[in-house]
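Trainee: okay, here's the prediction I keep looking at, along with the sequence it came from:
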Amino acid sequence: MGRGDDVLTAETLQRPPSGDAGIRQGAAWSVVVTRLRHVYGGHANVESLLDRVSRSLATALATRPQDLAQLDAERRADPDWISASGQAVYTFYTDRFAGSLKGLASRTAYLKDLGVRWVHPLPLLKPRPGDSDGGFAVADYRQVDPALGTMEDLSALATTMRQEGIGLLLDIVSNHTAREHAWAQKAREGDLRYRDYYIVLNDEREVADREKDLIDVFPDTAPGNFTWDAEMGGHVWTTFYPFQWDLNYANPEVFLEMLEVLLYLANQGVQGFRLDSAPFLWKREGTTSRNQPEAYALVEAWRAALDIAAPSVVLLAEAIESLDDVLPFFGSDQPGCDLAYNNGVMTALWGGLADGDATIVRRVMTAALAKPKTGAWLNYVRCHDDLIWNALAAYAPQDDLQRWSNIYGGVLPGFSEGRAFQTAAGGAPSTNGMTASLTGLGRDPAPTGEAAARIRLLYGVIHALDGWPLIYMGDEIGLGDDRDYECDPMRRADGRWLHRPMMDWNLAEDRGVPGTLAGSLFSDFKRFGERARALNEEGVGGPAEPFDAGEPSVLAFRRIEGRRVMTVYANLAARPVVVRQTAGSKVLRDVLTGGIFDGPEVALAGYDLVWLVSDQ
Ligand code: GLC
């Protein structure tokens, strides 16, 4: 059974009773209560906080549009929907993909052609003027960036997409606001209520004391974790850029504010939230202030609150941390996030590809099996951020991390054309670059070449794993880096803009043209999605369990919990290899090509992969 079993009684399959009193009867409410008492127990106002939370939930529930309530009922009735294969997500910056929200709506045909089930436009709420870290400095959570459209456009887009079977997933930049947000503005004007929404230290000594334990995220472009602000008369906690002010979740008002934002956007039709920078939500002296127990508890409280007022909405943890710190985001004895980025496996895949050796991927995949069944991994190859080698430090020796960083960052020879990115002292530098450049497509652009084969391999693996595959805009047509970002004063300081190009719609025109690079990749991506969805009917299910296939370059895993077993072999090296497979005398069919394997050997070309199921 999936998330929320205990709340799925016969009566809660209908809409839960509205009104404050009704809300307080359900099991989800008791989770809200325990989590908030745990986090805010010492706070004088915890009971009044609970009153206000229940009132907010009652209002949200009462105003939930009928079609969304219908979706709530459907997903409640099928709690396992989250683990269905092939729910691909497509992620992009709205302006770079489609210009605006209306433009995005007009690209629905492209998205349907690709076959994705979700879209994740990167942050699109009203940002601060000027540099906003790609929209991750929000000035108003209830307005859309005017350059992209309006809240009405967002709602209309959500409806259009929903009718096409595509869910809308939005960032909720919950760890910080822009310095220009009304809360920060009021705080700067001296309003003490709002000053307490942020974390302000009085003197340099205190700052130095805290800095000892903290790790810089952007050590070159934003060194330190505090920013002196004359109007605040203190040092404001700013984990990321100086204009991104960390919120003070020790203040329960902040929790409630953000809950209300979630409820508001959920009722506009948003079907999922990417909880940006989730590990940073709770600060504790003497620690790195990442992945604290309270951060996990707050996420569980949000989850339980949404179970009451908008249960079809999913939460995605953006926690690019060591696997052991990511896993608790799925929840403890109660569900937390429904999804989390599988950054461990993603990073390991790149490492394994550099070495032509699957050992590291097998190791991390084995550890990733500890995920509770209530959640699903978001499997990916690239995203809008840098590739962070250090998040793999618990699973790979420092020498390996450094070597992979050097290979992909262009310091050591190899196929990659990526570049190194800033990283806190002592760590292996992160890497920037599109999938196309990290796989060497610039040097080897042939649709049948090795670089294209690497892209196909990586995306073929992430579609075969359990969980949701994420497609980063442009990878489906082999889109390369944007080397011009350095000419733009607003972007040139942040190397991540290298892999945030404009969509190339001319190139995308080739997607139906056989023999072209874009045509070949697009049809492969499309097929991966279709075949992954077909696995549901084939009866293939359960987590991807890695095993040693006896050939170091071969990543092998099985999914064994359904009616049929699927065995995947992926050759991470350029050299062909033959695997002796152990499935006995069964005749196996490659779901990707329809090819039949009836002997004990499976021959794989360089970078080849097969998804084998038994037809019996
Ligand atoms: C997340 C985003 C990243 C951003 C940071 C601060 O890690 O993915 O792009 O810079 O949060 O909001």
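Mentor: Great, that's in hand. Numbering: from 1, shown residues only.

Trainee: for the residue in the chain that the ligand sits nearest to, give me its contacts.
Mentor: Nearest to the ligand, among the residues of the chain, is residue 136, at 3.3 Å (C-beta to the nearest ligand atom). Placement of C-beta: from N, CA and C, glycine included. Residues near residue 136 by C-beta atoms under 8 Å, 6 or more residues apart in numbering: 123, 127, 171, 173, 240, 244, 276.

Trainee: ok, and which of those residues reach the ligand?
Mentor: 173, 240, 276 (C-beta under 6 Å from any ligand atom).

Trainee: get me the contact residues on the stretch 1-150 of the chain for the ligand.
Mentor: For the stretch 1-150 of the chain, the contact set with the ligand under C-beta under 6 Å from any ligand atom comprises 133-134, 136.

Trainee: about what we covered before: so which of the contacts of residue 136 is the most crowded?
Mentor: Among the contacts of residue 136, residue 173 has the most neighbours (other C-beta atoms under 10 Å), with 28 neighbours.

Trainee: is it possible to export the contacts of residue 136 to a markdown table including pLDDT?
Mentor: As requested, these are exported to a markdown table (pLDDT from 0 to 100):
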| residue | pLDDT |
| --- | --- |
| 123 | 98 |
| 127 | 98 |
| 171 | 98 |
| 173 | 98 |
| 240 | 98 |
| 244 | 98 |
| 276 | 98 |
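
Trainee: of those residues, closest to residue 527?
Mentor: residue 171 (29.7 Å; C-beta to C-beta).

Trainee: report all helices and strands that the helix or strand where the closest one lies contacts.
Mentor: Element membership for residue 171 (DSSP states H and E) is strand 167-172. Under the contact criterion of 3 or more C-beta pairs under 8 Å, 6 or more residues apart in numbering; DSSP states H and E, strand 167-172 touches strand 118-121, helix 151-163, helix 252-266, strand 272-275.

Trainee: where along the stretch 501-616 of the chain do the strands fall?
Mentor: Residue ranges of the strands in the stretch 501-616 of the chain, as given by DSSP state E, counting those that start in this stretch, are 544-547, 554-559, 566-571, 577-580, 588-590, 596-597, 601-604, 609-614.

Trainee: check the stretch 201-350 of the chain too.
Mentor: Under DSSP E, counting those that start in this stretch, the stretch 201-350 of the chain gives strands at 226-229, 234-237, 244-246, 272-275, 314-317, 339-341.

Trainee: from the contact counts, what lies against the third one?
Mentor: Read it as strand 244-246. strand 176-178, strand 234-237.

Trainee: I'd like those laid out as a markdown table, including mean pLDDT and mean neighbour count.
Mentor: A markdown table is the format used below for the helices and strands packed on strand 244-246 (pLDDT from 0 to 100; neighbours: other C-beta atoms under 10 Å):
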| stretch | mean pLDDT | mean neighbour count |
| --- | --- | --- |
| strand 176-178 | 98 | 26 |
| strand 234-237 | 98 | 22 |
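
Trainee: so can I have a markdown table of those showing distance to the ligand?
Mentor: Formatted as a markdown table, those follow (distance: least, C-beta to the nearest ligand atom, whole Å):
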| stretch | distance to the ligand |
| --- | --- |
| strand 176-178 | 7 |
| strand 234-237 | 13 |
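
Trainee: right, and the helix or strand after the helix or strand of the chain with the lowest mean pLDDT?
Mentor: Every helix and strand of the chain was ranked by mean pLDDT, DSSP states H and E. The lowest is helix 10-13, at a mean of 41. Per DSSP H and E, the first helix or strand lying C-terminal to helix 10-13 is helix 20-23.

Trainee: chain center to that following helix, what's the gap?
Mentor: 33 Å (C-alpha atoms, centre = their mean, to the nearest Å).

Trainee: and it, what's buried?
Mentor: Residues of helix 20-23 classed as buried by neighbour count (16 or more other C-beta atoms under 10 Å): 22-23.

Trainee: which neighbouring elements make contact with that helix?
Mentor: In this structure, helix 20-23 makes packing contacts with helix 46-62, judged by 3+ C-beta pairs under 8 Å, 6+ apart.

Trainee: helices or strands up against the helix it packs on?
Mentor: Applying 3+ C-beta pairs under 8 Å, 6+ apart, we find helix 46-62 packed against helix 20-23, helix 27-40, helix 252-266, helix 293-309.
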